[in-house]
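>>> Quick check, what structure comes out for this input:
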Amino acid sequence: MLKNKIKVFMIALFCFIFLNNIYAKSDTTYDELRKMIDIMEIIDTKYVEERENKDLVIGAIKGLVRTLDPYSQYMTEKDYKDMKTETKGSFGGVGIRITIQNNELTVVTPMPDTPAYYAGILPDDKIIKIDGKSTQDITSDEAVKLMRGNPGTKVVLTIYRPSTKEELTFDIIRKKIKIETVKKKMLDDNIGYIRLSEFNAQSSKDVYDALKALSKDKMKALIFDLRNNPGGLLDSAINICSLFIKEDSLVVSTKCKDKTLEQYYYTQKKPDFAELPVIVLINRVSASASEIVTGTLQDYKRALVVGSNSFGKGTVQTIIPLSDGSALRLTIAKYCLPSGKMITHSDNKKDKKNGVTPDIYIEVSPETEGKLYMQAENEKSSKDKKDEVKDEVLDTAIKIINSDKVKTYIEKPSKYEQDFPKQENKKDEENKKDTENKNNELLKKDK
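Below is the predicted model of the structure:
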């Protein structure tokens, strides 16, 4: 009975996946599917414990999809319902945005004012255990499911921090998570500052309202902070680009296996802030929609980009509901910027050329980024300026605006290095001089 069910399933799976190229691959594919049938039959007859046929089939499907990329995933009916919960804007959890990077469950960023944020979880932390269960080969949605729960309940996260090579354990109490995406303020010298934490359905309107409010206060330039922003809705990214770039400009296109499915997305209206000088801040965990906005503004020479290379999440996923209530999240395309550049992530840990490359590169350690993130969230309650961490990226943006050279450095980023030589070089020169002076003094004493 099981054998017949398995055969029916595998034949259906074979037809579904390989119909378009059945003649080219039928022989080798059938051999592999035959092996799968043999293995499932052996499990049914010899495995020490009983297993439901349905569980075996679901496991086979999940394994199949998992081989594609970190973002494609098969979701059971319950998984699919849980995934849709987040779109309601509130849920019980710890407040961590995660991804699979180099086959490791990696923290993109903790959300502001959440248990994970206050516990001290940092971007780039590797979650190796959830409640003692290994995260090896886990999907991001499976991890989310384990970390979510009723407010007031506890979850134990074991993480590995690559920068310090420490293994740390966090006992975190879940709470109801609400997402606030936009924060604005006027810095000194009439410099407007907007920080966007994600791209949701309200983000473009919220950014527009923030820009309007800052403009009334005579904003002379804008710092648009997309650091630690993991992305979100494409429509939101397009609408935000439409605030700064002329109408009918290409924002992003998609490259697909099926050329007829490729799409091109353009700005929708005349820009309200076409002449406003803009500097965009990014870091290693700025991803997806963040990279589209940053890369597009950079391509049109509409903004100067300061920070470190972005994450490189340049793929398009779609949710395909299935007849039994389950669903398939499938990568169907890759994003392409107006210049033709792909937004890609390298699995090579030594390769730092991911995503969007800033015009002015400033390396910041994960620990400093984490402290800056918490500092920005706690600025209203923090009164002790002595413990503040210096935000070199933000300070650089302010310095450029005050020098009135945003457009100059957009056209020729190398001019910035000429105008503001790196502090490290100055320190090296000073250290060399100090060493020379000390050596000269020693020589004099010897004489």
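>>> CA only for contacts and neighbour counts going forward, please
Will do.
>>> who does the top strand by length along the chain touch, helix- and strand-wise?
Ranked by number of residues, the top strand in the chain under DSSP state E is strand 327-336. Strand 327-336 sits against strand 73-75, strand 250-255, strand 315-321, with contacts defined as 3 or more Cα pairs under 8 Å, 6 or more residues apart in numbering; DSSP states H and E.
>>> Out of those strands, which is the most enclosed?
strand 73-75 (a mean of 25; mean count of other Cα atoms under 10 Å).
>>> other SSEs contacting it?
Judged by 3+ Cα pairs under 8 Å, 6+ apart, strand 73-75 is in contact with helix 53-66, strand 327-336.
>>> ok, of these, where does mean pLDDT dip lowest?
Mean pLDDT across the helices and strands packed on strand 73-75 is lowest at helix 53-66; the value there is a mean of 84.
>>> on that earlier part again, now, of the helices and strands packed on strand 73-75, which is deepest in the fold?
strand 327-336 (a mean of 20).
>>> Okay, angle between that one and strand 315-321 too, please.
Counting by axes from the mean of the first three to the mean of the last three Cα atoms, to 10 degrees, strand 327-336 lies at 160 degrees to strand 315-321.
>>> contact partners of strand 327-336?
For strand 327-336, the external contacting residues (Cα atoms under 8 Å, 6 or more residues apart in numbering) are 69, 71-77, 80, 252-257, 262, 314-322, 342-343.
>>> and the helix or strand just after the longest strand of the chain, average pLDDT?
Beyond strand 327-336 in the direction of the C-terminus, DSSP states H and E gives the next helix or strand as strand 360-361. Summarised as a single mean, pLDDT over strand 360-361 is 96.
>>> Measure how far strand 360-361 is from the centre of its chain, please.
Centroid separation between strand 360-361 and its chain, computed with Cα atoms, centre = their mean, to the nearest Å, is 19 Å.
>>> can you check stretch 365-376 too?
Its chain's average C-alpha position is 16 Å from that of stretch 365-376, according to Cα atoms, centre = their mean.
>>> re earlier: of all the helices and strands packed on strand 327-336, which lies closest to Lys415?
Counting by Cα to Cα, Lys415 lies closest to strand 250-255 out of the helices and strands packed on strand 327-336; the figure is 27.3 Å.
>>> Pull up the pairing partners for that closest one, direction included.
Using DSSP bridges, the strands paired with strand 250-255 are strand 264-266 (antiparallel), strand 327-336 (antiparallel).
>>> For burial, what's the neighbour tally of Asp209?
Asp209 has 13 neighbouring residues, counting by other Cα atoms under 10 Å.
>>> Mind listing residues that contact the one helix or strand Thr106 maps to?
Taking DSSP H and E as the criterion, Thr106 maps to strand 104-110. By Cα under 8 Å, 6+ apart, the surrounding residues in contact with strand 104-110 are 95-100, 116-117, 121-128, 135-140, 228-230, 285.
>>> the helices in this protein, which residues?
2-18, 22-46, 53-66, 77-85, 115-119, 140-147, 203-216, 234-241, 289-299, 366-377, 392-402, 406-411, 414-419, 423-446 (DSSP state H).
>>> rounded to a whole number, what's the mean pLDDT of the last one?
Think helix 423-446. Across helix 423-446, the average pLDDT comes to 50.
>>> Surely Asp248 and Pro271 touch.
No: using Cα atoms under 8 Å, Asp248 makes no contact with Pro271, being 10.4 Å away.
>>> Distance-wise, check Arg148 relative to Pro115.
For Arg148, the distance to Pro115 equals 12 Å [Cα to Cα, to the nearest Å].
>>> cool, Asp272 as well?
Distance of Asp272 to Pro115, computed by Cα to Cα: 38 Å.
>>> Deepest in the core, which of the helices of the chain is it.
helix 289-299 (a mean of 26).
>>> Report the inter-axis angle for that helix versus strand 327-336.
Computed by the same axes, to 10 degrees, the angle between helix 289-299 and strand 327-336 is 10 degrees.
>>> So what's the gap between helix 289-299 and the chain middle?
Distance, centroid of helix 289-299 to centroid of chain: 13 Å (Cα atoms, centre = their mean).
>>> May I have that helix as PDB, with CA atoms only?
Taking Å, rounded to 0.1, in the frame of the first residue of the first chain, the C-alpha atoms of helix 289-299 are listed here in PDB:
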ATOM      1  CA  ALA A 289      14.300  46.800  -0.600                       C
ATOM      2  CA  SER A 290      17.000  48.800   1.300                       C
ATOM      3  CA  GLU A 291      19.500  47.900  -1.500                       C
ATOM      4  CA  ILE A 292      17.000  48.700  -4.200                       C
ATOM      5  CA  VAL A 293      16.400  52.200  -2.900                       C
ATOM      6  CA  THR A 294      20.100  52.800  -2.200                       C
ATOM      7  CA  GLY A 295      21.400  51.300  -5.500                       C
ATOM      8  CA  THR A 296      18.800  53.200  -7.600                       C
ATOM      9  CA  LEU A 297      19.500  56.600  -6.000                       C
ATOM     10  CA  GLN A 298      23.200  55.900  -6.400                       C
ATOM     11  CA  ASP A 299      22.800  54.900 -10.100                       C
END
